[in-house]
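Enquirer: sequence? don't have it. structure:
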DNA sequence: ACCTGAACACCGTTCAAGT
DNA sequence: ACCTGAACACCGTTCAAGT
C-alpha cells in the first residue's frame, strides 16, 4: 500500500531528481542519503534500486535537476557582454542552490537542462565568428571556470573554521595568518596579505571572467573583437 | 601498548596527513575512512580524535600532504612560458595522485606546501610587471582553473559509465548521444559533436591556459607583454 | 598525554519475498 | 512492474575508562 495522504505521481526518474534536490536544499550533500530521498517520495530505500543502479546514478539525476530553471541571457549587445552575462548567471544559479557546485563539478554528463544551454552558447559563438573547434573548446573552458570557482566559493574557507565563525571573520583570520608568516621567507605573501584576502568573491569572479573574455577575443579576427 | 613490529614515530599531524595520503592512493576518497587511517598509523579510530577535531580536519592535513613534492618550474624564459609551465606542472601533480582534485578543490586553506608555491608565483608576477592587486587575483584565477579542470578530468565521465567502459568508449558513446539528438532542436550540438568530444584533455587544458595567459597579458603595458 | 572498547545512530546495497 | 523487511558490512563520533 502506498502512503495515505495523497496519490503519488508515478515516480519517474525526473521526479526522483527533483526529490533529491529538495533533500539537498534541506540537508546539504552530506545529509543526502538514499533513505531520505526515498522518504521524500514516500517509499523505502530499497525501492530506489528499482529505478536507479546506485547512488551515483541518483546524483546524475540530481545534477540535471539542479540545472532546471537556468536561463540564457537575452541576446542583446555584442558576444562579449552576452557571455559575461552567461557566466554571471551560471554562477548565481549554482550559488543559489545549496552545495550545487559539489554535485555538478565532477559530472560532465550533461542532462537535458544543460544541453539546452550549451546548444544556445554554441550558436552565439559561431555567430560571433569563432571557428567550430574554438566554439566547442570555449563552452568547456567557461563551464570549467564557473564550476571550479563556485566550488571553492561554496566550501567553508577552511574545514576547521566551518563551525562557528562567519565568512568575514574567517577571511580576517586568514589575512592575519599571512601577515604572521616570517617575512624573510615569505616577503610577497606578507606584503600582499591585504591584496590576497581583501577582494570579495564577486570581484574575484569578475576578474577571472574578464581575463578569459580578453583571451577569447584574441581568437577572433581584429574587426570582430 | 603500541603495536609490536616497530617503534612508531610520535604521530605528528604531518604524519597523519601522509598516512591519509597512502590510504587515498590505495582506496580512493570514497574508501578513506577514519578507521583505515587509524590502522595505517597503528592505532584505533577513536584515538584520531585526540589529534584532530573531526574528519574534515583530517582532510585539511591530507590537502597539504597532497602538495608535498610539487615543484616550481625553472626561472627561464618570459613570464608567459613560466606560468604556462606552472599550470601544466600543477595539473600533472594533481593528476598523478588518485582523487587529488576532489580533496583539494573545495579547500582554500593553504598548507605550508601550497604557501611556498604561492609565494614564488607572487614574486614572478610582480617582477613581470603586474600590480600587487592583479598579482593576487592572478594566483587565485590560475589555481581555480587548474583545480576545476583536473576535478572534471579525474571524475568518471558519467557515473553510470564509470563501471566497465574505458574512457575512449565513454567519449565515443557521448559523441553518439550528441549526434542522436533531434537536429532541428539542437542544430549546433549535432553539427559540432565531433568538435565537442574530439579533442583530448591535454588539448583542452592547453587551450584554456593559453586563453587565460592571453587575457593576463592584456593587463600589462604593451612593452612588457 | 595519549590510547582503547564499546556503543550510538547512522550509512549503501542486496535479496528473498510480497502484491 | 514495483515495493518491502531484514540483514550485511560498513560508517563518523562520543565517552568513560585505562596507562
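Expert: On my side now, so go ahead. Just so it is clear, the model here is predicted, and its values are computed rather than measured.
Enquirer: hey, let's count contacts and neighbours off CA atoms from now on
Expert: Will do.
Enquirer: tell me which element the residue most central in space within chain A is part of?
Expert: The centroid of chain A falls nearest to residue A:101 when counting by Cα atoms, centre = their mean (3.7 Å). Element membership for residue A:101, per DSSP states H and E: helix A:100-105.
Enquirer: any residue of stretch A:26-35 up close to DNA strand C?
Expert: Yes: using Cα under 7 Å from any atom of the strand, stretch A:26-35 reaches DNA strand C at A:31-35.
Enquirer: Just the buried subset of those residues, please.
Expert: For these, a neighbour count by 16 or more other Cα atoms under 10 Å in any protein chain shown gives the buried set as A:32-34.
Enquirer: Which one of the residues in chain A is closest to DNA strand C?
Expert: residue A:33 (3.2 Å; Cα to the nearest atom of the strand).
Enquirer: same for the helix or strand just after the helix holding residue A:101, what does it pack against?
Expert: Next helix or strand after helix A:100-105 toward the C-terminus (DSSP H and E): helix A:112-128. Helix A:112-128 is packed against helix A:55-66, helix A:79-95, helix A:132-154, helix B:187-191, with contacts defined by 3 or more Cα pairs under 8 Å, 6 or more residues apart in numbering or on different chains; DSSP states H and E.
Enquirer: 7 Å - rerun?
Expert: helix A:132-154, helix B:187-191 (3 or more Cα pairs under 7 Å, 6 or more residues apart in numbering or on different chains; DSSP states H and E).
Enquirer: for residue A:48, what are its contacts?
Expert: residue A:38 (Cα atoms under 7 Å, 6 or more residues apart in numbering or on different chains).
Enquirer: mind listing what's buried in whatever helix or strand it lives in?
Expert: Per DSSP H and E, residue A:48 falls inside helix A:45-51. Buried residues in helix A:45-51, counted by 16+ other Cα under 10 Å: residue A:48.
Enquirer: and it, is it in reach of DNA strand C?
Expert: Yes: residues of helix A:45-51 are located near DNA strand C by Cα under 7 Å from any atom of the strand, namely A:45-47, A:49.
Enquirer: near DNA strand D, which residues of chain A show up?
Expert: Counting by Cα under 7 Å from any atom of the strand, chain A comes close to DNA strand D at A:1-2, A:10-11, A:42-48, A:50-51.
Enquirer: Ranking helices and strands of chain A by mean pLDDT, which lands last?
Expert: Ranked by mean pLDDT, DSSP states H and E, the weakest helix or strand in chain A is helix A:159-162, scoring a mean of 54.
Enquirer: Which positions in chain A make contact with DNA strand C?
Expert: Near DNA strand C, when you scan chain A using Cα under 7 Å from any atom of the strand, you find A:31-36, A:45-47, A:49, A:53-56.
Enquirer: again, only this time at 10 Å
Expert: Applying Cα under 10 Å from any atom of the strand, we find that chain A lies next to DNA strand C at A:1, A:27, A:29-38, A:44-50, A:52-58.
Enquirer: coming back round to it: separation between the residue nearest to the centre of chain A and residue B:78?
Expert: Shown here: residue A:101 relative to residue B:78, a distance of 35 Å by Cα to Cα, to the nearest Å.
Enquirer: between the helices and strands packed on helix A:112-128, which gets nearest to residue B:214?
Expert: Among the helices and strands packed on helix A:112-128, the nearest to residue B:214 by Cα to Cα is helix A:132-154 (14.0 Å).
Enquirer: what about that closest one, near chain B?
Expert: Yes: for helix A:132-154, a contact with chain B is found by Cα under 7 Å from any Cα of the partner chain, at A:132-133, A:136-137, A:141, A:144-145, A:147-149, A:151-152.
Enquirer: Inside helices: which ones of the residues of stretch A:26-35 next to DNA strand C?
Expert: Within the residues of stretch A:26-35 next to DNA strand C, residues falling in helices by DSSP state H are A:34-35.
Enquirer: what's next to stretch A:92-101, contact-wise?
Expert: Here stretch A:92-101 has contacts from A:24-25, A:28-29, A:66, A:70, A:147, A:150-151, A:154, using Cα under 7 Å, 6+ apart.
Enquirer: buried residues in stretch A:9-24?
Expert: For stretch A:9-24, burial by neighbour count (16+ other Cα under 10 Å) applies to A:15-24.
Enquirer: what's the answer for stretch A:80-88, then?
Expert: For stretch A:80-88, burial by neighbour count (16+ other Cα under 10 Å) applies to A:80, A:82-88.
Enquirer: Determine which two of the residues of chain A next to DNA strand D are furthest apart.
Expert: Between any two of the residues of chain A next to DNA strand D (Cα to Cα), the greatest distance is 18.4 Å, for A:1 and A:51.
Enquirer: Dump the residues of stretch A:26-35 next to DNA strand C to TSV, plus distance to residue B:74 and pLDDT.
Expert: Formatted as TSV, those follow (distance: Cα to Cα, whole Å; pLDDT from 0 to 100):
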residue	distance to residue B:74	pLDDT
A:31	45	96
A:32	46	98
A:33	48	98
A:34	50	98
A:35	53	98
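Enquirer: So which of the residues of stretch A:26-35 next to DNA strand C is the closest to residue A:193?
Expert: So of the residues of stretch A:26-35 next to DNA strand C, ranked by how close each gets to residue A:193 (Cα to Cα), first place is residue A:31, at 35.7 Å.
Enquirer: Quickly find the element holding residue A:18.
Expert: Counting by DSSP H and E, residue A:18 is found in helix A:13-27.
Enquirer: got it, and residue A:74?
Expert: Going by DSSP H and E, residue A:74 is not in any helix or strand.
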